[in-house]
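A.B. asks: Requesting a structural model of the entry that follows:
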Amino acid sequence: MPARAGVFLSALLLLTGTCWSAPDTARKDELRYLLEQDCGSCHGMTLRGGLGPALTPDALAEKPDEYLVHSILEGRPGTAMPPWKRFLSQEEAQWLVNSLRRQSQ
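C.D. replies: Coordinates of the predicted model:
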């Protein structure tokens, strides 16, 4: 799916109120590990920045969920941020965004 189509689909789901399903408990544990180890290796082990920018609630506050989900799934061209769409679903990327927004500051 082209990148623009993914962003459009995300926006459409939000506008229509369609709910996404959260990952099951085992997958949530895997996603937490991915966030701590894989994301943390570039964004800092405390997610306060490193090679990549900080992923704290304050740092993400002005960024729309659709932008963050798209960044996770498609990566950021011209940067070290790889696409994770081979390993994560749209719902899992949204769960990660929600988790990042809820983390303690």
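
A.B. asks: Now residue 69: closest residue in space that isn't a chain neighbour?
C.D. replies: residue 93 (4.6 Å; C-beta to C-beta, 6 or more residues apart in numbering). (Glycine included, C-beta is placed from N, CA and C.)

A.B. asks: Identify the residues contacting stretch 41-56?
C.D. replies: For stretch 41-56, the surrounding residues in contact (C-beta atoms under 8 Å, 6 or more residues apart in numbering) are 35-36, 39-40, 59, 79-81, 100, 103, 105.

A.B. asks: Restricted to buried residues, select the residues you listed in ChimeraX.
C.D. replies: In ChimeraX, this line selects whichever of the contacts of stretch 41-56 come out buried by 16 or more other C-beta atoms under 10 Å:
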select :35,39,40,59,81,100
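
A.B. asks: I'd like the contacts of stretch 41-56 as CSV, with secondary structure appended.
C.D. replies: Shown next, in CSV, are these (DSSP: H, G, I helix; E, B strand; the rest coil):
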residue, secondary structure
35, helix
36, helix
39, helix
40, helix
59, helix
79, coil
80, coil
81, coil
100, helix
103, coil
105, coil
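
A.B. asks: ok, back up a step: how about the backbone phi and psi for the residue nearest to residue 69?
C.D. replies: Phi and psi for residue 93, reported as degrees, to the nearest 10, are phi -60, psi -40.

A.B. asks: And the helices in this structure?
C.D. replies: 3-16, 25-34, 40-43, 57-60, 65-74, 90-102 (DSSP state H).

A.B. asks: ranking those by mean pLDDT, which is last?
C.D. replies: The minimum mean pLDDT among these belongs to helix 3-16 (a mean of 44).

A.B. asks: what's the neighbour count on residue 45?
C.D. replies: Here the number of neighbours of residue 45 (other C-beta atoms under 10 Å) works out to 11.

A.B. asks: how about stretch 60-71: buried residues?
C.D. replies: Buried residues in stretch 60-71 (16+ other C-beta under 10 Å): 60, 65-66, 68-71.
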